[in-house]
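Enquirer: got a sequence here, can you model it:
(chains A, B, C and D)
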There are 2 protein chains.
Amino acid sequence: MNLKELALILGLSPTTVSRALNGYPEVNEATRERVVAAAKRHNYRPNTRAIRLATGRAMAVGHVIPVATRHEIVNPIFADFIAGAGETYSRNDYDMVLSVVPDADEATTYRALRSKGNVDGVILHGPRLNDPRIPLLHEIGLPFVVHGRSTGTETPYPWVDVNNRRAFQRATEFLLDLGHRRIALVNGLEFMDFAVRRRTGYLDALAARGIIADPALMTSGEMTEIAGHRAGLQMLARPDPPTAFLAASMISGMGVRRAIEEKGLVMGRDISVIIHDDDLSYMKNGEDVPIFTATRSSVREAGRIAAEMLLDLINRPDGQVPQRLLEADLIIGQSTGPAPRQ
Amino acid sequence: MNLKELALILGLSPTTVSRALNGYPEVNEATRERVVAAAKRHNYRPNTRAIRLATGRAMAVGHVIPVATRHEIVNPIFADFIAGAGETYSRNDYDMVLSVVPDADEATTYRALRSKGNVDGVILHGPRLNDPRIPLLHEIGLPFVVHGRSTGTETPYPWVDVNNRRAFQRATEFLLDLGHRRIALVNGLEFMDFAVRRRTGYLDALAARGIIADPALMTSGEMTEIAGHRAGLQMLARPDPPTAFLAASMISGMGVRRAIEEKGLVMGRDISVIIHDDDLSYMKNGEDVPIFTATRSSVREAGRIAAEMLLDLINRPDGQVPQRLLEADLIIGQSTGPAPRQ
DNA sequence: TGCATCATCCAAAGCGGTTTGAATTGATTC
DNA sequence: GAATCAATTCAAACCGCTTTGGATGATGCA
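Expert: Got it, this is the predicted structure:
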């Protein structure tokens, strides 16, 4: 069932039918009702491909998932971000198209998406310091929203980000208030912007109390259980081990916990741990009582916001450059306690 | 730069340029080279929207992600499955479009995808017993591949699945061989097909040794850390606790481990644990030495296979109904050992 | 030489919608 | 009674490609 057939059945021109269904004012209300009824009855649904060609809009948003060719890791927060964003897209009749691309080909992918007209805009994931993709997207004129920020990028660009610096600063202050002085940072990869901001927050908090950060207590790496475990073991094996850890994620925190327990120590009593909790649906930080004390910010919510921003940007490109900073909550769980007396 | 402009520049008709670029035989080889060179020079990329309308094919594959309205969980294996499938799509110039849909609206979504012509086929995720989506897709004639199977569905349908029954049977046998008699099953939700098959494998192995399964040692629930932890605690608190656990995933296994450790027991010595390992990139089961003894099957690989099947199905619909059963490896790690003497 | 064949290219008709510009009608105004 | 106007409707162009059905010469063969 297509427009022409429907028009024939109704004894109207395709023009009028199209207008009736799209809510244009220049069509008699009685006619419109007749058309709408007929459309429902024959369950007519306009062909998306035709609409897209006719309107010149893709009615689709791209998410480019870079897969690092070295360490083939897909970011686990991805599923939840997508879930958040997807709801927004569905509501607005946009498609979400995912491109899984070896990170070396990312630039090509954006260019192709643009010139082939597959999408009206994109969400940029995992921004790095001075991320080259941002000027690239500006250059090719494809609307975009960054999930995160990119330190070093001069020209303004749309983003939604968690206040990572502030979150880790607060977490560090909280540990300091509990009497901890040797606080370890098990950070994400520090070419990622968020990781650098977190380190800054951590360092700021230490500096504010006149504590000199010990490079031996700072690592950065993949946010996996394994990496967290390894970092934890290494640091706890030192002659002057930390009494507390800041871990980059739920998952690396679990690795740290495993290291603590392997050493015969008890988390929350001997060693404190604070994680950053993205509030992933399949990786909840406890139900009523949180397992970990955590800085929490829902990545799903971030997805929702980013998607709304992008659709806005696509539909009125003249507006301001939207930017949104989300504050993380500090959730007190069972993994922290006063620093043990030496 | 579009086809017409390029044709004008070359002094050729759009027809010839189109054919030259699409490798049709009826164009002079010299002409083809000239066209290809010009296309590259002006970096012409045909408009996808136009191709789609003209050819009547969407050049896109849909993945419908049902978001359960009750427990808002996004399946964590999703990211890796997508990564596997996405590679295949990119290579074949197909788009992957994700629809995040409240599970109640799933049927409507398939119907709409079909009649609006957004996709040429879909991957069905998370099949249940007697899954109504399978007859639905058959009815509306949208090519599809199921990731998993659906017990009770009579007519043949295309699928790729892990041999879950066999995997859990082997895991159970392995524990039995180690002398364990009280083996607990921390299963996924048992309206999911894979969970039922796993239970069957577990029960088969027990029955083959003449062991009567204890209902108190079987739970099914969300595959989260929390749920695994809760199940572990409950069972260990019994007067006749299990000496071994089978856990449905890496994540629920970590919950079980936490329960074991909270009880002051040591995993691999006091209590054995075997998990099913989907080989998720962000959740590796150890590097050289696996943390958990596990039945392992890469969900990413499954994604790759499913995608290839689907594209095949789309491009020659006359063929056989493809079905592919993947066997899981049994990986011996540190989480299992001989059953302790009572 | 005449005719069939082949290689090469093109005009034009789709694909299924949207949108422009104009036509029709009845009511209103002068 | 003619002119004006608003309310409706429609024919046709268009979006940018693919594909059908020729057209045009050159070549092969009897």
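
Enquirer: make it CA atoms for all contacts and neighbour counts henceforth
Expert: OK.

Enquirer: wait, residue A:218 sits on residue A:182?
Expert: No - using C-alpha atoms under 8 Å, residue A:218 makes no contact with residue A:182, being 10.8 Å away.

Enquirer: got phi/psi on the closest residue to chain B within the stretch 101-250 of chain A?
Expert: Nearest residue of the stretch 101-250 of chain A to chain B (C-alpha to the nearest C-alpha) works out as residue A:116 at 4.6 Å. Geometry field for residue A:116 lists phi and psi as phi -80, psi -10, criterion degrees, to the nearest 10.

Enquirer: show the contacting residues for it.
Expert: B:45, B:46, B:47, B:48, B:49 (C-alpha atoms under 8 Å, 6 or more residues apart in numbering or on different chains).

Enquirer: what residue, apart from its backbone neighbours, is nearest the fourth one spatially?
Expert: For residue B:48, ignoring the flanking residues on the chain, the nearest one in space by C-alpha to C-alpha, 6 or more residues apart in numbering or on different chains is residue A:116 at 5.3 Å.

Enquirer: quick check: phi and psi at residue A:184.
Expert: phi -90, psi 150.

Enquirer: test my guess that it contacts residue A:213.
Expert: No - counting by C-alpha under 8 Å, residue A:184 does not reach residue A:213; the two are 9.2 Å apart.

Enquirer: which parts of chain A sit against DNA strand C?
Expert: Counting by C-alpha under 7 Å from any atom of the strand, the residues of chain A close to DNA strand C are A:1-4, A:14-16, A:18-19, A:22, A:45-47, A:50-51, A:53-55.

Enquirer: let's see that with 6 Å instead.
Expert: Within chain A, the residues that sit near DNA strand C (C-alpha under 6 Å from any atom of the strand) are A:2-4, A:14-15, A:18-19, A:46-47, A:50-51, A:53-55.

Enquirer: helices - which of the contacts of residue A:116 land there?
Expert: Counted as lying in helices by DSSP state H, out of those, are B:48, B:49.

Enquirer: restrict the contacts of residue A:116 to those near DNA strand D?
Expert: Among the contacts of residue A:116, DNA strand D is touched by B:46, B:47 when using C-alpha under 6 Å from any atom of the strand.

Enquirer: of the contacts of residue A:116 - the most surrounded one?
Expert: Highest neighbour count within the contacts of residue A:116: residue B:49, with 24 neighbours (other C-alpha atoms under 10 Å in any protein chain shown).

Enquirer: how many residues are close by the closest residue to DNA strand D within chain A?
Expert: As assessed by C-alpha to the nearest atom of the strand, DNA strand D sits closest to residue A:54 within chain A, at 3.2 Å. Neighbour count for residue A:54, taken as other C-alpha under 10 Å: 12.

Enquirer: look up how far residue A:219 lies from it.
Expert: 54 Å (C-alpha to C-alpha, to the nearest Å).

Enquirer: just the strands in the stretch 51-200 of chain A please.
Expert: A:60-67, A:95-102, A:121-124, A:144-147, A:159-162, A:183-187 (DSSP state E, counting those that start in this stretch).

Enquirer: name the nearest of the residues of chain A next to DNA strand C relative to residue B:317.
Expert: residue A:47 (22.1 Å; C-alpha to C-alpha).

Enquirer: can you tell me how far that closest one is from chain B?
Expert: Residue A:47 sits 5 Å away from chain B, taking C-alpha to the nearest C-alpha, to the nearest Å as the criterion.

Enquirer: who's in contact with the residue of the stretch 201-342 of chain A found nearest DNA strand C?
Expert: The minimum distance from the stretch 201-342 of chain A to DNA strand C, using C-alpha to the nearest atom of the strand, falls at residue A:315 (13.0 Å). Residues counted as contacts of residue A:315 (C-alpha under 8 Å, 6+ apart): none.

Enquirer: do you know the pLDDT at it?
Expert: With respect to pLDDT, residue A:315 has a value of 93.

Enquirer: residue A:17 now?
Expert: Residue-level confidence at residue A:17 comes out at 95, pLDDT.

Enquirer: swap in residue A:262?
Expert: So residue A:262 comes in at 89 (pLDDT).

Enquirer: what do you get for residue A:164?
Expert: So, for residue A:164, pLDDT stands at 98.

Enquirer: who's in contact with the residue nearest to it when sequence neighbours are not counted?
Expert: Using C-alpha to C-alpha, 6+ apart and skipping residues adjacent in sequence, the residue nearest residue A:164 is residue A:198, 5.2 Å away. Neighbour list for residue A:198: A:164, A:165, A:166, A:167, A:168, A:169, A:187 [criterion: C-alpha under 8 Å, 6+ apart].

Enquirer: with neighbour count as added columns, please give those residues in a markdown table.
Expert: As requested, the contacts of residue A:198 are arranged in a markdown table below (neighbours: other C-alpha atoms under 10 Å in any protein chain shown):
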| residue | neighbour count |
| --- | --- |
| A:164 | 27 |
| A:165 | 22 |
| A:166 | 20 |
| A:167 | 24 |
| A:168 | 31 |
| A:169 | 22 |
| A:187 | 24 |
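
Enquirer: for the closest residue to DNA strand C within the stretch 101-250 of chain A, give me phi and psi.
Expert: Nearest residue of the stretch 101-250 of chain A to DNA strand C: residue A:117, at 14.7 Å (C-alpha to the nearest atom of the strand). When quoted as degrees, to the nearest 10, the phi and psi of residue A:117 stand at phi 70, psi 30.

Enquirer: just checking, it touches residue A:60?
Expert: No - assessed by C-alpha under 8 Å, residue A:117 is found out of contact with residue A:60, at 9.6 Å.
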